[in-house]
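Q: sequence first, predicted model second:
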Amino acid sequence: MSLLAMYPGLLEALSGEMTPKFLATRSADGIPNVVPCTSLMPAGDVEDRLIFGNFLLRKSVRNLEEDPHVGILVITTDLEGWVLQGDFAGWQRTGPYVDRIMSTDLLRYNAYTGIRNAGIVQVQRVLRHFRISKLRVLTDYLLARAAVRSPSLPEEATAMPLPVQRGFSPMTALRVLAFLDGKGYPRVALLLSLQPAGARALAWAGGPDGELLAELPPGTPVAACLLTLDIVSFQAKGRWLGGRRLLGVPTGRMAVTSVYAGGPPIPGRQVA
């Protein structure tokens, strides 16, 4: 049995054309990058192989040329999710992978252009399967808000534009955080509680990987990605500031040092 088939519901979630999925990569100097990548899907012909379309992925493509390690998170509308890691295995410029991705509704009817090629990822491990309740989401969000305080920030911290701050504020938006694990692989954590702590920082509480995040050393490079219900995406990069416990729940903050647009007209453009 393949690795992916060992987890009930995972292949179905990965096959969903509109199921939210996030792809994390890393630069050669160890800076994580995480973006929505809804086109991720099982290849179908090779066990534990995923494919995705090279569409609005400028920085991810550059990172994959420097380092093949990737992290993936897929989350369903029922708040069931899986965290994966794998290795990038190259591009297919023409052929069945490209044709399959281009036949999906997401790309067939988009107002811009088709994919340049199809990326290939061989999944190496499934790190976590989780389910979270809507009550847990609300509790974590309120705890993160209670934990917000004026942090001591590094000099390089920069203010997020108002649209980005507003995007991170509602509970309805999807938010994930990427960091590098001890093996140098990007790892993606679901952080629905992530919200502004002033203009230059983000705060969080709980989450499926809350205990793991609580162990991150201060100063660790991190990247947070926001995806709203209107399909607007931003990425905030920065440094982990550490945290504390509030009512027994881990909380923490990150200092924002740069912000990037995640979609058209210029995906990957730095906005702060």
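A: Everything's here; your move.
Q: look up the residues forming beta bridges with F52.
A: Applying DSSP bridges to F52 gives these bridge partners: G119.
Q: ignore what I typed, I meant Y260.
A: Q235, Q270.
Q: and if you look at P36?
A: In beta-bridge terms (that is, DSSP bridges), P36 pairs with F22.
Q: quick check, it in contact with T19.
A: No: assessed by Cβ atoms under 8 Å, P36 is found out of contact with T19, at 10.9 Å. Yep, even glycine has a C-beta here, placed from its N, CA and C like the rest.
Q: what ranges does this protein have for its helices?
A: Along the chain, counting by DSSP state H, helices occupy 10-15, 58-66, 96-102, 105-108, 134-147, 162-168, 210-214.
Q: which strands and helices sit next to the first one?
A: With contacts taken as 3 or more Cβ pairs under 8 Å, 6 or more residues apart in numbering; DSSP states H and E, helix 10-15 sits against strand 41-42, strand 69-75, strand 80-92.
Q: now mean neighbour count too, for the ones you listed, in JSON lines please.
A: Formatted as JSON lines, the helices and strands packed on helix 10-15 follow (neighbours: other Cβ atoms under 10 Å):
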{"stretch": "strand 41-42", "mean neighbour count": "20"}
{"stretch": "strand 69-75", "mean neighbour count": "25"}
{"stretch": "strand 80-92", "mean neighbour count": "19"}
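Q: and R166, which of those is closest to it?
A: strand 69-75 (22.1 Å; Cβ to Cβ).
Q: and that closest one, what does it pack against?
A: Using 3+ Cβ pairs under 8 Å, 6+ apart: strand 69-75 touches helix 10-15, strand 21-26, strand 80-92, strand 118-131, strand 174-180, strand 186-190.
Q: the helices of the chain: lowest mean pLDDT?
A: Comparing mean pLDDT across the helices of the chain, the weakest is helix 105-108, with a mean of 68.
Q: ok, back up a step: dump the helices and strands packed on helix 10-15 into TSV; add mean pLDDT and distance to W204 as well.
A: Putting the helices and strands packed on helix 10-15 into TSV (pLDDT from 0 to 100; distance: least, Cβ to Cβ, whole Å) gives the following:
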stretch	mean pLDDT	distance to W204
strand 41-42	98	29
strand 69-75	99	15
strand 80-92	98	16
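Q: R245 touches T251, doesn't it?
A: Yes: counting by Cβ under 8 Å, R245 touches T251, with 6.9 Å between them.
Q: give me the more crowded residue out of these two.
A: T251 (23 against 14; other Cβ atoms under 10 Å).
Q: what residues does that one make contact with?
A: Going by Cβ atoms under 8 Å, 6 or more residues apart in numbering, T251 touches 143-144, 147, 203-206, 243-245.
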